[in-house]
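Novice: I would like the atomic coordinates for the input below:
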Amino acid sequence: MNEVCGLFSIMKANANTCLPLLSKKMAPLKKQEFMDLFETKWSDQGSNRRNLEEETIYSWEIFLQDIEGECIKVYYCLIDKTNLGL
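Specialist: Now for the predicted structure:
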């Protein structure tokens, strides 16, 4: 994800906003919780980068649907803040 959309770089740059996603909580994450954290900013229509973004977002949406449909359960996890540069 970092190569196409720069997700890790975005999370690192906005660590305080993403901290709830990376904090200890023993309840499964919900689709809306993920969706509320991110906003898609697309490249120009027809560009190679846009094609990669569309493939990535398609996979992301399938993942979110699996969470919502409880096909998989994703939990918050406790991480070392130093890895995010906090």
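
Novice: where along the chain do the helices fall?
Specialist: With DSSP state H as the criterion, the chain has helices at 2-5, 7-13, 15-22, 31-37, 48-68.

Novice: For these, give me CSV that also has mean neighbour count.
Specialist: Every residue, glycine included, has its C-beta placed from N, CA and C. CSV is the format used below for those (neighbours: other C-beta atoms under 10 Å):
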stretch, mean neighbour count
helix 2-5, 12
helix 7-13, 14
helix 15-22, 14
helix 31-37, 14
helix 48-68, 14
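
Novice: worst average pLDDT in those?
Specialist: The weakest mean pLDDT among these belongs to helix 2-5, with a mean of 65.

Novice: how many neighbours does the closest residue to Asp66 other than its chain neighbours have?
Specialist: Nearest non-adjacent residue to Asp66, counting by C-beta to C-beta, 6 or more residues apart in numbering: Ile72, 4.9 Å away. Neighbour count for Ile72, taken as other C-beta atoms under 10 Å: 9.

Novice: cool, Asp44 as well?
Specialist: Neighbourhood size, Asp44 [other C-beta under 10 Å]: 8.

Novice: Give the closest residue to it in space, chain neighbours not counted.
Specialist: Closest residue to Asp44 apart from its sequence neighbours, by C-beta to C-beta, 6+ apart: Arg50 at 6.1 Å.

Novice: Spit out the contact partners of that neighbour.
Specialist: Neighbour list for Arg50: 42-44 [criterion: C-beta atoms under 8 Å, 6 or more residues apart in numbering].

Novice: Ile62 versus the residue nearest to Asp66, what's the distance?
Specialist: Separation of Ile72 from Ile62 (C-beta to C-beta, to the nearest Å) stands at 11 Å.

Novice: repeat for Thr56
Specialist: 11 Å.

Novice: same deal with Phe8?
Specialist: Shown here: Phe8 relative to Ile62, a distance of 20 Å by C-beta to C-beta.

Novice: try Arg49
Specialist: Using C-beta to C-beta, we find Arg49 at a distance of 21 Å from Ile62.
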